[in-house]
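> can't give you the sequence, but here's the structure:
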């Protein structure tokens, strides 16, 4: 009987007309994490990390090894994914720029599901800073109450703007309440198809989590991320301006606490992974499991000293790459690995295709259903990332090309240079490569919206 259901589900997903006639459309579990780069086990970027639950999720469906954000900042990345419109189409390029006046309610992803007869539940951080609008959700909770106390072993709260310290093991963070809400909805009885969005705040700073997660990563065993001396020597002025090597990185070096910061980030990832494990346990027990799609995404990556940079706010690999996993009953096969380049703009149109919803005309992303069906299918679409007006990165499986607003350029060959240590942009032999990649740079670039003081 299982194969009969799988075939039926695939037919429903393939046909909007058929899906709209079926009483029970596929449900959606929509899981977002914040500031999680590619330090997850199955992506093999950092051998120290411990993410058994995210890796477990990857084995359940298809994981994308070359997935990139629309913007390397929380607010514009999330606004782009949820609206279907790239930063250049809305003017939302940074934190502190309000997306609500430029993204009509009728255009958002959740509105499409409400209009299709779904109950749409949300918890935690889906948009930046827990923002949400009435009328776009059936129900929404910001998160649970925290009970957090610094552990007696904690030195202080980090270095400058890089905040971290272990907490007592009985501490409880808001993410646990956020996941509790998701678990409740997964295990509940439903008379309508549902869309459940669970937005975890971690591993966003502060990297304050119970000490038991720090203990997973003894400080004397911590290894720093791969770096090279004078990495910024071939980076143009616009790139150095984004890197800010005299800021966080200089403070970390001066403090001598680089390894402690790495330990704290790894600990916070492990905490986040544990919460995802709780959610997956509920998914496994859910009576709706066989008819529920899982979409797992991060809003962008994070630097921990690579290219003398910390945080996101840049157009390099560390700031733009994140884990991205789909589980679609009847469509994906367990353990699938897709190496094609995709960006987060694909989430909106792909969910519409899988759930039989009409795709709104304004949506700019690519439907990746062909890659869910066949992870090795031909694909010539690049991933595009934008940070502030007219600064763009184009990522293909081989190349990263960055074009800054002032005309500065960077070019990296990922077949030979996975850490982007050698900028080839000034090498004449690659001029044709640059021209080809430059044609993929977005041409719609609206002026930036006014900005408040929100920087993180």
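Structure received. Computed from a prediction, not measured in an experiment: that's the story for all the values here.
> okay, CA-based contacts and neighbour counts for the rest of this
Noted.
> and stretch 195-202, how far from the chain's centre?
12 Å (C-alpha atoms, centre = their mean, to the nearest Å).
> what's that stretch in contact with?
27-36, 113, 118-126, 175, 178-179, 182, 185-186, 268-269, 271-272 (C-alpha atoms under 8 Å, 6 or more residues apart in numbering).
> can you classify the residue lying closest to residue 45 once chain neighbours are set aside by secondary structure?
With C-alpha to C-alpha, 6 or more residues apart in numbering as the criterion, residue 45 has its nearest non-adjacent residue at 5.7 Å, and that residue is residue 39. What DSSP: H, G, I helix; E, B strand; the rest coil gives for residue 39 is coil.
> in helices only, show me the contacts of stretch 195-202.
113, 175, 178-179, 182, 185-186, 268-269, 271-272 (DSSP state H).
> rewinding a little: contacting residues around the residue nearest to residue 45?
Counted by C-alpha under 8 Å, 6+ apart, residue 39 has contacts 45-46, 49.
> what residues does residue 260 make contact with?
Contacts of residue 260 (C-alpha under 8 Å, 6+ apart): residue 219.
> what angle sits between the host helix or strand of it and helix 174-187?
If you go by DSSP states H and E, residue 260 is part of helix 258-285. Orientation check (axes from the mean of the first three to the mean of the last three C-alpha atoms, to 10 degrees): helix 258-285 against helix 174-187 gives 20 degrees.
> which residues belonging to helix 258-285 are considered buried?
Neighbour counts over helix 258-285 (16 or more other C-alpha atoms under 10 Å) mark 258-280, 282-283 as buried.
> quick one: average confidence on stretch 216-226?
Across stretch 216-226, pLDDT averages out at 98.
> other residues contacting that stretch?
46, 48, 258-260, 262-263, 266-267, 304-306, 419.
> ok, back up a step: return the distance of the residue nearest to residue 45 relative to residue 265.
10 Å (C-alpha to C-alpha, to the nearest Å).
> kindly report the same for residue 407.
Distance from residue 407 to residue 265, by C-alpha to C-alpha: 34 Å.
> for the stretch 251-400 of the chain, which segments are assigned as strands?
292-298, 303-304, 310-311, 324-327, 336-343, 383-386, 392-395, 399-403 (DSSP state E, counting those that start in this stretch).
> so which of the ones you listed is the most packed in?
strand 383-386 (a mean of 29; mean count of other C-alpha atoms under 10 Å).
> so which elements touch that strand?
strand 62-68, strand 336-343, strand 392-395 (3 or more C-alpha pairs under 8 Å, 6 or more residues apart in numbering; DSSP states H and E).
> again, 10 Å this time
Secondary-structure packing of strand 383-386 (3 or more C-alpha pairs under 10 Å, 6 or more residues apart in numbering; DSSP states H and E): strand 62-68, helix 74-83, helix 87-90, helix 317-320, strand 336-343, strand 392-395, strand 399-403.
> what about that strand, average pLDDT?
98.
> please name the residues that touch residue 259.
Shown in contact with residue 259 (C-alpha atoms under 10 Å, 6 or more residues apart in numbering): 219-225, 252, 265, 304.
> tell me which helix or strand of this structure sits lowest on mean pLDDT?
helix 16-21 (a mean of 36; mean pLDDT, DSSP states H and E).
> low-confidence stretches in the chain?
1-23, 453-456 (pLDDT under 70).
> pick out the residue nearest the middle of it.
residue 298 (1.7 Å; C-alpha atoms, centre = their mean).
> the closest residue to it other than its chain neighbours: neighbour count?
Once flanking residues are discounted, residue 298 sits nearest to residue 33: 4.8 Å by C-alpha to C-alpha, 6+ apart. When neighbours are counted by other C-alpha atoms under 10 Å, residue 33 registers 27.
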